[in-house]
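Asks: below are the sequence and a predicted model; questions follow.
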Amino acid sequence: MATLAITGGQLLRPDGTISRADVLVDQDEGTILELGDDLAGTGDTNLDASNALVTPGFVNGHSHVAMTLLRGHADDKPLDAWLQEDIWPAEDELTPEDIRVGAELGLLEMIKSGTTAFADMYFEVPEIAAAVDTAGLRARLGHGVVTVAADEAAAREDAQTSIDVARELDGAADGRISTAFMPHSLTTVGEEYLDEFVPKAREIGVPIHYHANETTDEVAPIVEERGMRPLAYAAEKGMLEPEDFVAHGVHVDESEIELLAEAGTGVIHCPGSNMKLASGMAPVQRLLDAGVTVGLGTDGAASNNDLSLLDEARDAAMVGKLETGDASAVPAGAVAEFLTHGTADAIGLDTGRLEPGSAADLAVIDLETPHLTPPHDLVSHLAYAAAAADVKHTICDGQVLMRDREVQTLDERAVCDRAREHAVALVDRAAE
Ligand SMILES: N[C@@H](CCSC[C@H]1O[C@@H](n2cnc3c(=O)[nH]cnc32)[C@H](O)[C@@H]1O)C(=O)O
Ligand SMILES: [Zn+2]
């Protein structure tokens with residue numbers, strides 16, 4: 001058995017407290033063997049965590065990782081115009097190789113900012129899975145279905161692809177990859193396709209993930225046409241099960257909050273994207289008060305514009321206070337849960353807690369820097385002051401993905417060079 005010891009650090013425990021502990025990892029099993037006062041010298045390899053905070057690897061509950069190629073391509077527009085005028089035309093030009101290159105760039109950024117697990121909706125998913133396999137992260141992947149502009153044959157094929165991808169890739173990358181059926185949203189996928197394909201997702205036993213109630217423009221047509229709130233419609237379509245999770249949930253009313261709480265369906269809060277596209281402020285504290293499982297996501301890099309969950313954590317705390325007018329809303333402890341097991345639970349991945357037997361997915365945050373001094377409260381630092389560049393080691397499934405800020409599984413220079421070339425060529429093609 002190969003072992004790894006992470007020694008000298010302060011450890012974020014599943015109950016949200018922080019105390020001194022070393023960690024011993026079984027690298028073959030990818031699990032934590034032991035937590036102890038003095039495990040220095042017990043591992044085959046050692047990572048130094050002195051004057052550092054050891055946390056579960058961060059979990060990104062909603063992303064479109066290959067969209068890194070479109071970072072900075074279209075800014076300062078609302079959702080509908082942004083998608084229709086800029087993003088979808090550029091995405092029409094994406095080749096499978098572009099998606100592989102964009103995914104590698106996104107995964108590089110995730111590793112460098114302490115993220116070890118994520119949920120992702122995109123297309124050419126086998127390319128993304130291959131990148132995840134190489135990079136070493138854990139993921140729940142799915143093919144996003146859009147039927148609005150498609151004829152019936154193309155729409156059914158798109159939905160069938162989402163089912164096939166979910167079936168075929170589940171368990172890939174030595175079990176680090178799981179999947180979901182991913183209709184894009186309740187307004188971009190026709191009812192007949194939900195009726196046909198939601199039961200197929202249930203048959204193969206995968207969760208359903210979709211964008212919901214992101215903007216008022218998405219809520220109004222459903223209320224008008226059907227006389228019911230979008231999430232009541234989702235429940236009627238069988239898309240509000242405990243394993244399912246929706247992105248955004250910005251414009252949800254009390255009846256929908258209750259539906260989510262009763263169903264046990266998770267909500268992935270994406271405050272950066274919601275602010276940038278001016279979509280609105282999700283009622284996160286009310287969701288928490290009602291008992292809804294809330295996670296955190298960056299959304300794609302074209303609406304954020306980075307994939308760092310530490311930025312997202314601070315945004316979540318700040319927006320939570322602004323939305324309620326109450327400075328005690330969405331406190332640091334809640335944000336620490338969003339970063340770790342809160343989001344893992346929402347997307348159904350068994351990670352986010354550091355205890356013997358659990359997944360060895362960890363991030364080590366260097367505290368030896370002015371903006372993380374003094375150490376009154378390290379949970380506060382996690383929520384309000386830490387940044388991506390403070391992450392010095394990242395471990396997933398017992399493997400060291402980054403050591404001393406040096407990524408081990410991807411060649412940083414080569415990935416960035418390739419991404420630059422592919423992104424420039426892509427935007428040129430889209431402009432033709
Ligand atoms: N099969 C579809 C792709 C769907 S993937 C998921 C889609 O979600 C888009 N997307 C990214 N961020 C958001 C968001 O915040 N709301 C809605 N859609 C988004 C993204 O650009 C991508 O087109 C097609 O071929 O067009
Ligand atoms: Zn999205």
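Replies: Looks like it came in fine. Ligands and ions are numbered 1, 2, ... in the order given.

Asks: the closest residue to ligand 1 within the chain: what's it in contact with?
Replies: When you check the chain against ligand 1 by C-beta to the nearest ligand atom, the closest residue turns out to be Gly144, at 2.6 Å. Every C-beta, even on glycine, is put in place using the N, C-alpha and C of the backbone. Neighbouring residues of Gly144 by C-beta atoms under 8 Å, 6 or more residues apart in numbering: His64, Met121, Tyr122, Phe123, Ser162, Met182, Pro183, His184.

Asks: let's see which of the residues you listed end up in strands.
Replies: In this view, those that belong to strands under DSSP state E are Met121, Tyr122, Met182, Pro183.

Asks: so the second one makes contact with Pro96?
Replies: No: under the criterion of C-beta atoms under 8 Å, Tyr122 lies out of contact with Pro96, with a separation of 11.4 Å.

Asks: comparing the two, which residue is more hemmed in?
Replies: Comparing Tyr122 with Pro96 by other C-beta atoms under 10 Å, the one with more neighbours is Tyr122, at 23 against 13.

Asks: ok so Tyr193 is a helix residue?
Replies: Yes: counting by DSSP: H, G, I helix; E, B strand; the rest coil, Tyr193 is part of a helix.

Asks: who's in contact with it?
Replies: Counting by C-beta under 8 Å, 6+ apart, Tyr193 makes contact with Val145, Thr147, Ala155, Arg156, Ala159, Pro183.

Asks: my guess is Ile87 contacts Leu69. True?
Replies: No: if you go by C-beta under 8 Å, Ile87 and Leu69 don't touch, sitting 11.0 Å apart.

Asks: of these two, which one has the most company?
Replies: Each of Ile87 and Leu69 has its neighbours counted (other C-beta under 10 Å); Leu69 has more, 27 against 22.

Asks: doesn't the more buried one fall inside a strand?
Replies: No: according to three-state DSSP, the state of Leu69 is helix, so it is not within a strand.

Asks: what pLDDT does it get?
Replies: Confidence per residue is given as pLDDT, and for Leu69 that number is 98.

Asks: on that earlier part again, quick check: mean pLDDT of whichever strand or helix holds the residue of the chain closest to ligand 1?
Replies: Using DSSP states H and E, Gly144 sits in strand 138-145. When the per-residue pLDDT values of strand 138-145 are averaged, the result is 98.

Asks: try stretch 18-34
Replies: The average of the pLDDT scores along stretch 18-34 is 98.

Asks: how about the residues of the stretch 1-150 of the chain near ligand 1?
Replies: Contact residues, the stretch 1-150 of the chain versus ligand 1 (C-beta under 6 Å from any ligand atom): His64, Leu79, Leu83, Ile87, Glu91, Met121, Tyr122, Phe123, Gly144, Val145, Val146.

Asks: identify the farthest-apart pair in those.
Replies: Pairwise distances among these were taken by C-beta to C-beta; the largest, 19.0 Å, belongs to Leu79 and Phe123.

Asks: can you name the element that comes right after the helix or strand Arg167 falls within?
Replies: Arg167 is part of helix 152-169, with elements assigned from DSSP H and E. Under the assignment DSSP H and E, the closest C-terminal helix or strand after helix 152-169 is strand 177-179.

Asks: how distant is that following strand from the center of its chain?
Replies: 13 Å (C-alpha atoms, centre = their mean, to the nearest Å).

Asks: same thing with stretch 201-209?
Replies: Averaging C-alpha coordinates over stretch 201-209 and over its chain gives two centres that are 19 Å apart (C-alpha atoms, centre = their mean).

Asks: got the buried residues for it?
Replies: Ala201, Val206, Pro207, Ile208, His209 (16 or more other C-beta atoms under 10 Å).

Asks: would you turn those into JSON lines with distance to ligand 1?
Replies: Formatted as JSON lines, these follow (distance: C-beta to the nearest ligand atom, whole Å):
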{"residue": "Ala201", "distance to ligand 1": "16"}
{"residue": "Val206", "distance to ligand 1": "16"}
{"residue": "Pro207", "distance to ligand 1": "16"}
{"residue": "Ile208", "distance to ligand 1": "14"}
{"residue": "His209", "distance to ligand 1": "11"}
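
Asks: of those residues, which belong to helices?
Replies: Using DSSP state H to define helices, the subset of these located there is Ala201.

Asks: now do the contacts for Glu109.
Replies: In this structure, Glu109 makes contact with Thr68, Ala301, Asp306, Leu307, Ser308, Ala388, judged by C-beta under 8 Å, 6+ apart.

Asks: tell me the phi and psi of the most centrally placed residue in the chain?
Replies: Ranked by distance to the mean C-alpha position of the chain (C-alpha atoms, centre = their mean), the top residue is Asn60 at 2.2 Å. Recorded main-chain torsions at Asn60 are phi -100, psi 110, according to degrees, to the nearest 10.

Asks: do the same with Phe118
Replies: Note on Phe118: backbone dihedrals following degrees, to the nearest 10 are phi -160, psi 160.
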